[in-house]
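K.L.:
let's see this in three dimensions:
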Amino acid sequence: MNYSQTLDFLFTSMPSFQRIGGDAYKPGLERIAAFCQHLGNPQRNYYTIHVAGTNGKGSVSHMLASVLQQAGYRTGLFTSPHLSDFRERIRVDGEMIPKQKVVNFVDKHQTKMQEMELSFFEMTAAMAFDYFDQSDVEVAVIETGLGGRLDATNIITPILSVITNIGLEHTEFLGDTIEKIASEKAGIIKKSVPVVIGEASEAYNSVFEARAEELNSRLIYAEKEWLLNAVEHFDDNNQHFSVVRTRDERGYELDIDLLGDYQRHNIITACAAADFLAEQTPLTISRRAFREGLATVAQNTSLMGRWQVLGYEPYMVADTGHNVHGMRYVAEQLEALECDRLFCVIGFAKEKALEDIMALLPRKAHYIFTRASIERARPVEDIAAVADKLGLDYECKPTVAEAIAQAKSLALPADAIFIGGSNFVVAEIE
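P.N.:
Numbering: from 1, shown residues only. Presented below is the predicted three-dimensional model:
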């Protein structure tokens with residue numbers, strides 16, 4: 001098979017959550033564990049850091065990978081979903097897995113994967129573990145897919161676990177309360193392996209504390225270890241954070257090449273995780289590597305879609321926030337935008353809590369609702385029905401390309417255009 005044929009096999013022969021949603025969800029670790037044993041358990045041949053959470057886990061994973069790269073380690077990074085290229089999921093030192101490596105892996109293991117009825121995500125995780133081993137990776141940052149306890153990535157034994165925060169998402173799989181979802185995410189905590197909690201909350205702290213005590217794992221609340229003193233947006237591509245490490249009151253002036261107000265939460269999580277790695281594990285991370293790694297996250301890891309500025313006059317920005325927890329941060333930033341008129345090109349996935357998310361949207365905007373070209377995308381008629389209830393000013397376009405073109409035709413130089421609501425909408429920006 002060539003690369004195109006290989007991708008066709010992966011996306012059509014193996015259930016993909018990104019493509020079809022819940023029907024692809026196959027909980028349990030038996031299949032991935034057996035398949036990785038077939039591969040020789042490559043995931044055991046390097047240090048790993050495991051990152052879970054409702055929002056922010058992608059940003060935090062990229063931050064930590066960038067810091068580790070800057071510290072001189074050959075660093076693997078496994079994330080999901082991808083925006084435009086499948087290979088975005090698997091990177092070594094910021095470089096995507098080569099196409100031929102994807103082809104070779106599938107050619108070699110296709111029969112076994114079919115025999116074991118692996119899901120798309122199980123296959124992808126195993127491919128990442130194997131490629132990192134082949135590439136002599138020293139440390140890999142592994143982001144969970146959905147949940148934690150039964151997530152395919154949960155066969156690793158990391159040197160540190162990180163849980164960014166908990167919100168209501170994927171309730172049909174993870175539970176219909178914050179406590180139930182926290183319990184699923186807490187499933188990544190391993191015996192005697194410390195865990196960093198990014199955002200504490202009375203709604204779920206007790207869940208993590210009970211799990212950590214049961215497994216004799218140190219629990220680290222990031223917000224107790226690091227304090228954010230000030231945030232400054234000093235240009236259109238960077239933010240500056242003044243933070244303090246509480247145990248010695250040492251101040252750090254940190255630049256980061258990621259935008260979005262929500263990064264103030266993520267950077268505190270990353271600080272706590274990187275500090276633990278430097279102080280309590282065999283990894284050596286200098287103050288300089290820490291600082292320079294955070295300053296070059298997007299540059300080192302090619303992170304896209306997090307309050308990503310696409311143009312000016314009109315100001316045009318995209319963000320992949322797609323659940324209630326994430327959209328709350330995005331909506332607050334949209335409210336604060338200084339512009340004459342705000343145009344929002346938005347679409348959603350079918351399983352999202354549509355009314356709850358849309359209730360957060362700014363009333364001042366003109367909305368252009370659309371549907372991404374993927375099976376999981378929500379029909380625009382559903383979105384329009386909720387928009388009518390909320391009294392939003394809107395129109396509908398059948399494709400993302402047409403919706404963006406309409407926004408550009410309406411917007412003047414002093415206006416702003418936002419594109420988001422779903423990874424799939426952002427992925428179709430040309």
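K.L.:
am I right that residue 162 sits in a strand?
P.N.:
Yes. Using DSSP: H, G, I helix; E, B strand; the rest coil, the assignment for residue 162 is a strand.
K.L.:
was I right to think it contacts residue 194?
P.N.:
No. The criterion here is Cβ atoms under 8 Å, and residue 162 misses it with residue 194 at 9.7 Å. Every residue, glycine included, has its C-beta placed from N, CA and C.
K.L.:
more neighbours: which of the two?
P.N.:
Between residue 162 and residue 194, counting by other Cβ atoms under 10 Å, residue 162 is the more crowded of the two (30 against 21).
K.L.:
burial count for residue 195?
P.N.:
Neighbour count of residue 195, defined by other Cβ under 10 Å: 25.
K.L.:
backbone phi and psi for it, please?
P.N.:
With angles defined as degrees, to the nearest 10, residue 195 sits at phi -130, psi 130.
K.L.:
residue 271 contacts residue 226, doesn't it?
P.N.:
Yes. Taking Cβ under 8 Å as the definition, residue 271 is a contact partner of residue 226 at 4.5 Å.
K.L.:
how close does the residue nearest to residue 374 when sequence neighbours are not counted sit to residue 87?
P.N.:
Spatially, and ignoring its direct neighbours in sequence, residue 374 is nearest to residue 424 (5.0 Å; Cβ to Cβ, 6 or more residues apart in numbering). For residue 424, the distance to residue 87 (Cβ to Cβ, to the nearest Å) stands at 18 Å.
K.L.:
secondary structure element for the residue positioned nearest the centre of the chain?
P.N.:
Closest to where the C-alpha atoms of the chain average out (Cα atoms, centre = their mean) is residue 58, at 2.7 Å. Assigned by DSSP states H and E, residue 58 falls within helix 57-70.
K.L.:
helix or strand right after that helix?
P.N.:
Following helix 57-70 toward the C-terminus (DSSP H and E): strand 75-78.
K.L.:
what mean pLDDT does that next one have?
P.N.:
When pLDDT is averaged along strand 75-78, the result is 98.
K.L.:
partners of that strand, with directions?
P.N.:
If you go by DSSP bridges, strand 75-78 pairs up with strand 90-92 (antiparallel), strand 139-143 (parallel).
K.L.:
so residue 313, which state does it fall into?
P.N.:
Following three-state DSSP, the label given to residue 313 is coil.
K.L.:
from what I see, residue 220 and residue 198 are in contact.
P.N.:
No. Applying Cβ under 8 Å, one finds residue 220 not in contact with residue 198, separated by 9.9 Å.
K.L.:
which residues of the stretch 251-400 of the chain fall in helices?
P.N.:
Taking DSSP state H, counting those that start in this stretch, the helices of the stretch 251-400 of the chain run over residues 263-280, 287-295, 297-301, 324-336, 354-358, 380-390, 400-410.
K.L.:
with respect to residue 82, which of those helices lies nearest?
P.N.:
Set against residue 82 and scored by Cβ to Cβ, the helices of the stretch 251-400 of the chain come closest in helix 297-301, at 13.2 Å.
K.L.:
what helices and strands are in contact with the closest one?
P.N.:
Counting contacts by 3 or more Cβ pairs under 8 Å, 6 or more residues apart in numbering; DSSP states H and E, helix 297-301 packs against helix 57-70.
K.L.:
what helices and strands are in contact with the helix it packs on?
P.N.:
Using 3+ Cβ pairs under 8 Å, 6+ apart, the elements in contact with helix 57-70 are strand 47-52, strand 75-78, strand 139-143, strand 160-163, helix 263-280, helix 287-295, helix 297-301.
K.L.:
mind running it again at 7 Å?
P.N.:
Here helix 57-70 touches strand 47-52, strand 75-78, strand 139-143, helix 263-280, helix 287-295, helix 297-301, going by 3 or more Cβ pairs under 7 Å, 6 or more residues apart in numbering; DSSP states H and E.
K.L.:
make a markdown table from the ones you listed and add distance to residue 394 and mean neighbour count to it.
P.N.:
Below are the helices and strands packed on helix 57-70 laid out as a markdown table (distance: least, Cβ to Cβ, whole Å; neighbours: other Cβ atoms under 10 Å):
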| stretch | distance to residue 394 | mean neighbour count |
| --- | --- | --- |
| strand 47-52 | 35 | 28 |
| strand 75-78 | 38 | 28 |
| strand 139-143 | 34 | 26 |
| helix 263-280 | 29 | 23 |
| helix 287-295 | 38 | 18 |
| helix 297-301 | 32 | 22 |
